[in-house]
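just the structure for this:
(one chain, ligands or ions: 1)
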Amino acid sequence: MDVIRYKIQMMAEEAILNGSPFSWFEKVYAEAAGDPLAVPWANLAPNPLLLEWLQKNHRREEGIRALVIGCGLGDDAEELSRWGFKVTAFDISPSATEWCKQRFKHSTVEYRTVDLFDPPEDWKHSFELVFEAFTLQAMPEPLRRLAMERIAEYPKLYGKLLVVSRGRDLDQEVTGPPWPLIKTELGVFKKCGLKQIEMEDLAEKEDPGIRLIRASYVVVDPRLAEDRKWSKTEEDPD
Ligand SMILES: C[S@@+](CC[C@H](N)C(=O)[O-])C[C@H]1O[C@@H](n2cnc3c(N)ncnc32)[C@H](O)[C@@H]1O
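Next up, the predicted model:
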């Protein structure tokens, strides 16, 4: 294991023991002081599984709303903006969101410092696309399950949720973070009423030893979105 990953695992362990399981993220970004090499998940490029999914599934349309969860250094948010989405991207780390604003000075993305467990009320059932990559796997249980329940509240009626995470088998021991997800864990989204469209178990292109899960969902039950007034012109994707 490389030194940065070991250091991060120690920071995460200490933060969890101290009862503030997310505090270590801000430390990572603040201590990196603008050097992306000190942020192990930062590759300064959009997620290839997001790109591929957009190419396959998204008809370019201006101004529909997307939300990026745990946006890190902002590459996925900027990519969605290039595809015509009106993007809100958030991270719990103020240093990360400030870094995004510095990197993309002329961006139309709205970068916000928000804890996914304490989102603005008007985000509920408000987004046509919600994108989550690698945030869930950075949370220990039971937080991960609770986080999925919150994430399930963001897409609007007929809105989609796309999730990318490392994956593992039930009997595979891991020392996290990251704690790769077992596919069945994502069943929480279905329990929250989202309909699964696709669940793929893939190998990372650069390192085929790493498994990646890409799962997509759609909100089809109007009762899940009843506290908002929905446009009557939306089409049912089915
Ligand atoms: C492993 S990084 C992934 C970053 C980015 N999504 C990517 O793919 O490069 C996880 C991100 O989630 C953020 N995060 C962790 N807990 C969070 C929370 N409770 N609310 C919002 N963001 C959170 C971290 O600060 C970090 O930027």
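
can you pull out the low-pLDDT segments for this structure?
Within the chain, the ranges that satisfy pLDDT under 70 run 1, 225-238.

list the residues that contact the closest residue to the ligand within it.
At 2.5 Å from the ligand, residue 70 is the closest residue in the chain, using CB to the nearest ligand atom. Glycine gets a C-beta too; all of them are placed from N, C-alpha and C. Residue 70 sits next to 90-92, 116, 132-135, 138 when contact means CB atoms under 8 Å, 6 or more residues apart in numbering.

which of those residues come close to the ligand?
When contact is defined as CB under 6 Å from any ligand atom, the contacts of residue 70 meet the ligand at 91-92, 116, 133-135, 138.

now tabulate those residues in TSV and tack on distance to residue 100.
TSV is the format used below for those (distance: CB to CB, whole Å):
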residue	distance to residue 100
91	8
92	13
116	16
133	15
134	16
135	15
138	18
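
is the helix or strand where residue 157 lies anywhere near the ligand?
Following DSSP states H and E, one finds residue 157 within strand 155-166. No. Using CB under 6 Å from any ligand atom, strand 155-166 never reaches the ligand; the gap is at least 7.6 Å.

what about the helix or strand hosting residue 10, distance to the chain center?
Assigned by DSSP H and E, residue 10 belongs to helix 3-17. Computed by CA atoms, centre = their mean, to the nearest Å, the chain-centroid distance of helix 3-17 equals 21 Å.

if you count neighbours, what's buried in that helix?
Residues 7-9, 11-13, 15-16 are the ones in helix 3-17 that count as buried (16 or more other CB atoms under 10 Å).

which stretches of this protein form helices?
Using DSSP state H, the helices of the chain run over 3-17, 23-32, 48-57, 75-82, 94-103, 143-151, 187-191.

interface residues of the protein facing the ligand?
Residues of the chain lying close to the ligand by CB under 6 Å from any ligand atom are 22, 25, 41, 47, 70-72, 91-93, 96, 115-117, 133-135, 138.

same thing but at 5 Å, please
Residues of the chain lying near the ligand by CB under 5 Å from any ligand atom: 22, 25, 41, 70, 72, 91-93, 115-116, 133-135, 138.

ok, the residue at minimal distance from the centre of the chain to residue 41 distance?
Centroid check for the chain by CA atoms, centre = their mean gives residue 132 as the closest residue, at 1.8 Å. According to CB to CB, to the nearest Å, residue 132 stands 13 Å off from residue 41.

my guess is residue 29 contacts residue 41. True?
No. Assessed by CB atoms under 8 Å, residue 29 is found out of contact with residue 41, at 10.9 Å.

most neighbours among the ones next to the ligand among the contacts of residue 70, please name it.
residue 91 (29 neighbours; other CB atoms under 10 Å).

contacts only, for it.
By CB under 8 Å, 6+ apart, residue 91 lies in contact with 25, 70-72, 97, 100, 111, 113-114.

give the bridge partners for the residue nearest to the centre of the chain, please.
Beta bridges link residue 132 to residue 69, residue 163, judged by DSSP bridges.

verify the stated contact: residue 144 with residue 185.
Yes. Judged on CB under 8 Å, residue 144 makes contact with residue 185 at a distance of 7.0 Å.
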